[in-house]
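Q: Have a look at this prediction, sequence included:
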Amino acid sequence: MFELTTLDLNQTTTLNQQVLVFGSNIDTQLKETVVKVLLQDLPGVTDISVDRDNWERILRLECNPEVPSDLVVAKVRSIGFKCYELVG
């Protein structure tokens, strides 16, 4: 008659996610690790990746919509890396 189902919280939280994409000069594993350690403590960040093979060295963050892109840019620049938002 009735079927019990469970709520997948991971699926629910992904509905309120945004993806922020930046160009950078993060070109080594060490630099990538340093930036990830810096950004992982931002509230709402769920995933960070860097495509070092792309000519723009793409930094990608999955996070909640409250994470402002200018904060990410400022934090990355504060440790000496280039960082600029890619829009579009």
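A: Nice, I can see it.
Q: Could you pull up the contacting residues of the residue nearest to Ile79 when sequence neighbours are not counted?
A: In space, and not counting its chain neighbours, Ile79 is closest to Leu38: 6.3 Å by C-beta to C-beta, 6 or more residues apart in numbering. The way it works is simple: take the backbone N, C-alpha and C, and place the C-beta from them, glycine included. By C-beta atoms under 8 Å, 6 or more residues apart in numbering, the contact set of Leu38 is Lys75, Val76, Ile79.
Q: what about Leu38, which helix or strand?
A: helix 29-39 (DSSP states H and E).
Q: Nearest residue to the middle of the protein?
A: The centre of the chain sits closest to Leu61, judged by C-alpha atoms, centre = their mean, with a distance of 1.2 Å.
Q: Check what pLDDT it gets.
A: Note for Leu61: predicted pLDDT of 98.
Q: So what's the gap between the helix or strand that it is a member of and the chain middle?
A: Element membership of Leu61 [criterion: DSSP H and E] is strand 58-63. Between the centre of strand 58-63 and the centre of its chain there are 3 Å (C-alpha atoms, centre = their mean, to the nearest Å).
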